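Asks: Need coordinates for the following:
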Amino acid sequence: SELFQAGLGLKWKIIDGYWFRPYIEGGGTGGYFTIKYDNLDSKVVSSPANQRNYKKSDSLLDFGRYAEGGAEISFAESFGLRAAARFIESRTKKFQTLGNAEVQYKANVYYLALLMSF
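Replies: Presented below is the predicted three-dimensional model:
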């Protein structure tokens, strides 16, 4: 599977104007979810032998929500770090190739980012 996703939300810095700035953020996500299939004839059991046009991928829109918490740490006026954790819940529309089932998923993402201003 492949996923392209973008989020739009609101961020609230609990302490602003200090070298250590904790924050919370939340919003919605939207994206494009693709499932790719390995359709070798030996793996397809229930299809007639003369049918060779198997679907190799299926793609749908994906929508969800996220919540994030973390801190930005300034070491200088133009340099700092961000440490954060993000929780994502998302689901797709119904995939025809999955017997009209939705794909639902949850993810916990932990990251450390370098912040620089020019």
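Asks: Give the helix, strand or coil label for the nearest residue to Lys55 once chain neighbours are set aside.
Replies: Leaving aside its chain neighbours, Lys55 sits nearest to Thr97 (5.6 Å; criterion: C-beta to C-beta, 6 or more residues apart in numbering). Heads up, the C-betas are built off the backbone N, CA and C, glycines and all. Under DSSP: H, G, I helix; E, B strand; the rest coil, Thr97 falls in the helix class.
Asks: And the host helix or strand of Thr92, what's buried?
Replies: Here Thr92, judged by DSSP states H and E, is contained in strand 79-95. Using 16 or more other C-beta atoms under 10 Å as the test for burial, strand 79-95 gives Gly80, Ala84, Arg86, Ile88, Ser90, Thr92, Phe95.
Asks: got a list of contacts for it?
Replies: Strand 79-95 is contacted from outside by 5, 29, 31, 33, 35, 58, 60-75, 100-117, using C-beta atoms under 8 Å, 6 or more residues apart in numbering.
Asks: And the one helix or strand Leu60 maps to, what's buried?
Replies: In the assignment (DSSP H and E), Leu60 maps to strand 57-76. By 16+ other C-beta under 10 Å, the buried positions in strand 57-76 come out as Asp58, Leu60, Asp62, Gly64, Tyr66, Glu68, Gly70, Glu72.
Asks: by how many degrees do the strand holding Thr92 and strand 57-76 diverge?
Replies: 160 degrees (axes from the mean of the first three to the mean of the last three C-alpha atoms, to 10 degrees).
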